[in-house]
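*Asks:* quick one: sequence plus predicted model below, questions after.
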Amino acid sequence: MLTEKTMEKLRILTESAKYDVSCSSSGTVRSGKKGMVGNTVGGIGICHSFADDGRCISLLKIMLTNYCMYDCAYCVNRRTNDIQRATLSVSELEEITMEFYRRNYIEGLFLSSGVVRNPDYTMERLTAIVRDLRTIHRFNGYIHLKAIPGASQELLAEAGRYADRMSVNIEIPKEESLKALAPEKDHQSVFQPMRLIQQSSLENKEERKKFRHAPRFVPAGQSTQMIVGATNETDKDILQMSSLLYGQPTMRRVYYSGYISVNTYDKRLPILKQPPLVRENRLYQADWLLRFYHFDVNEIVDDAHSHLDLDIDPKLGWALRHPEYFPVDINHDDYERILRVPGIGTKSAWLIVNSRRFNRLTSYHLKKMGVVMKKAKFFITCGELTSQFSQPIVGINELHPERLRPLLVSKAQQKRVADEQQLTLDFEE
C-alpha cells in the first residue's frame, strides 16, 4: 500500500524528471513468460502518455532522488536551487513500480537520479532496483535506466544485464560551453560510460552467437540528449555531434530538448519566453534525414548554412539549394534519387520502385502511395508530367528556387515562425 508520504515523494520526483526527453520505449521485445510479470508489446514497446507541454512520455518516468552534488546551470535539480527535495528508498521505488503496473497505470520504468555522495554510490542503488525488479519481483516489462557518468565498469556491466536501454546525456555539444555551464563536468565523463556500454554490448552479441540463451545486454541500445538554445552552438555543431554518435554501433537515438528557462536568475543562460520548439522540430527532421534518408551531415548544414531554415523542413531546404539535382524521373530513377524528393518518404519511395515494374506511374498513383504532391510536383517528372503530354513541365528549374520557396511555405508556418523569431537569444558577453 502506497502511503501519503510516499505519494508526495512520487509527485516531487516525477516533476523533477520531466525535463529528460531521452525516454524512447521502442527497440526491444520481451514476450510474456511463465512466472514473470509484464511484457513489452511486439517491438513497439509500451503505451505512451503525453506531458502538459506535448512531449511524448513513456513509462513511469521518475528519479530516485533529486538531490545532486553538481551545480549545472541548466538543470532544475542543481544543488543551489531552492526546490522541494525527496529521496525514495530502493524498496519504495520497487513497490511503486509494481503497484502502478498492477493498477495498469504503466507498463515500464524510466529511471534516473541526481548524483549523491559519488557516482558509484548512486549507480549501485539504481542497479539494485533494476536487479530486484527482474529477479525478485519477476518484472518483465520495459526498463530504461540512466547511466551515471563516472560510475565503475562493473556497475554499468551489471545494470546492462537487467535494463532494456541505457542512456547518458551529453547535454551540450561543445565542451567549452559545457564547462561554462557545468564546471564539474566534461565530455570525457559522458563518453566513457558510452564506450563501456558499447563494448559490453558488442561482446554480448558475440557471446550470443556461440551461446543462444546467453542473457542479453542492453538489447535496445543507447540514447542521449542535447539541449537546444541554452548556449550559442549552431545547428551544424549539434548535428555534427549527432552524426558522430550515430557512427557508433549501439547508439539508437539522439534526442533534442528545447531549452526551458528553469533558472532565470543565472546570467549565463538566455531568457526565453518559451522553448525554441520550431528549431527543436527542425533538428528532429534533420536527424531523420541522417538516419533514414542517407543524407550526410554536410549536405544538411555547412559553413554557409550553419542553422536550419525555420520556415521549411531540412529536406526541402536542401532541394531548393540544389536545383541541378532535379527533376527526378519517378518511372526510371533509382531509390536513392527518389528518396531525396521533398514530399516522398521511405515507404513511398519503396512503393514507387516496386510498383513501376507493373505500370507507368502517374500523379494519381503517387497520391495513393502517400506522396505529398503539393511539394513533390515541383521536383519530379512522371506519367502526365513530361513533354510527351499536353501539361507543360513547371518545376524548380522553371520557377527558380527563390520563386518556388514562397509557394511551399504555408500561412500557418509563416505565422508560427514569425512568433518564434520574436524570441532572441541574448547571451552575456
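*Replies:* Okay, I see it.
*Asks:* just give me the neighbour total for the closest residue to Gly229 other than its chain neighbours.
*Replies:* Leaving aside its chain neighbours, Gly229 sits nearest to Tyr259 (3.9 Å; criterion: C-beta to C-beta, 6 or more residues apart in numbering). Backbone N, C-alpha and C define where each C-beta goes, glycine included. Neighbour count of Tyr259, defined by other C-beta atoms under 10 Å: 20.
*Asks:* wait, doesn't Tyr259 sit right on Asn232?
*Replies:* No: judged on C-beta atoms under 8 Å, Tyr259 makes no contact with Asn232 at a distance of 11.6 Å.
*Asks:* how many neighbours does Lys347 have?
*Replies:* Counted with other C-beta under 10 Å, the neighbours of Lys347 add up to 10.
*Asks:* tell me which element it falls in.
*Replies:* Applying DSSP states H and E as the criterion places Lys347 in helix 346-355.
*Asks:* ditto for Arg216
*Replies:* Using DSSP H and E, Arg216 sits within no helix or strand.
*Asks:* report the contact partners of it.
*Replies:* Going by C-beta atoms under 8 Å, 6 or more residues apart in numbering, Arg216 touches 204, 208.
*Asks:* list phi and psi for it.
*Replies:* Reported as degrees, to the nearest 10, the phi and psi values for Arg216 are phi -80, psi 150.
*Asks:* okay, it: pLDDT?
*Replies:* Here, the pLDDT recorded for Arg216 equals 89.
*Asks:* cool, and Leu202?
*Replies:* So Leu202 comes in at 91 (pLDDT).
*Asks:* starting from Arg252, give me the distance back to it.
*Replies:* Computed with C-beta to C-beta, to the nearest Å, the distance linking Leu202 and Arg252 is 14 Å.
*Asks:* more neighbours: those two, which one.
*Replies:* Arg252 (19 against 13).
*Asks:* which stretches of the stretch 201-350 of the chain form helices?
*Replies:* Taking DSSP state H, counting those that start in this stretch, the helices of the stretch 201-350 of the chain run over residues 235-246, 277-292, 297-300, 314-321, 335-339, 346-355.
*Asks:* so which of the ones you listed is the most surrounded?
*Replies:* Across the helices of the stretch 201-350 of the chain, the average number of neighbours (mean count of other C-beta atoms under 10 Å) peaks for helix 314-321, which reaches a mean of 22.
*Asks:* got the angle for that helix vs helix 235-246?
*Replies:* Interaxial angle, helix 314-321 versus helix 235-246 (axes from the mean of the first three to the mean of the last three C-alpha atoms, to 10 degrees): 120 degrees.
*Asks:* what's next to helix 314-321, contact-wise?
*Replies:* For helix 314-321, using C-beta under 8 Å, 6+ apart, the contacting residues are 282, 285-286, 289, 293, 295, 299-300, 305, 308-309, 312, 325-326, 340-342, 375, 379, 396, 401, 404-405, 408.
*Asks:* for the helix holding Lys347, packing partners?
*Replies:* helix 335-339, helix 363-368 (3 or more C-beta pairs under 8 Å, 6 or more residues apart in numbering; DSSP states H and E).
*Asks:* quick check: Ile143 vs Lys273, distance?
*Replies:* Applying C-beta to C-beta to Ile143 and Lys273 gives a distance of 37 Å.
*Asks:* in terms of neighbours, single out the busier of the two.
*Replies:* Counted by other C-beta under 10 Å, Ile143 and Lys273 do not tie: Ile143 has more neighbours, with 27 against 8.
*Asks:* that older thread, return a PyMOL selection command for the buried portion of the contacts of helix 314-321.
*Replies:* Command for PyMOL that selects the buried part of the contacts of helix 314-321, burial taken from 16 or more other C-beta atoms under 10 Å:
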select buried, resi 282+285+286+289+293+295+299+300+305+308+309+312+326+340+341+342+375+379+396+404+405+408
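*Asks:* which of the contacts of helix 314-321 fall in strands?
*Replies:* Taking DSSP state E, every one of those sits outside strands.
*Asks:* sketch out the low-pLDDT regions of the stretch 1-150 of the chain for me.
*Replies:* Along the stretch 1-150 of the chain, the model assigns pLDDT under 70 to residues 1, 22-58.
*Asks:* residue boundaries of the helices in it?
*Replies:* Going by DSSP H, counting those that start in this stretch, the stretch 1-150 of the chain shows helices at 4-17, 90-102, 119-135.
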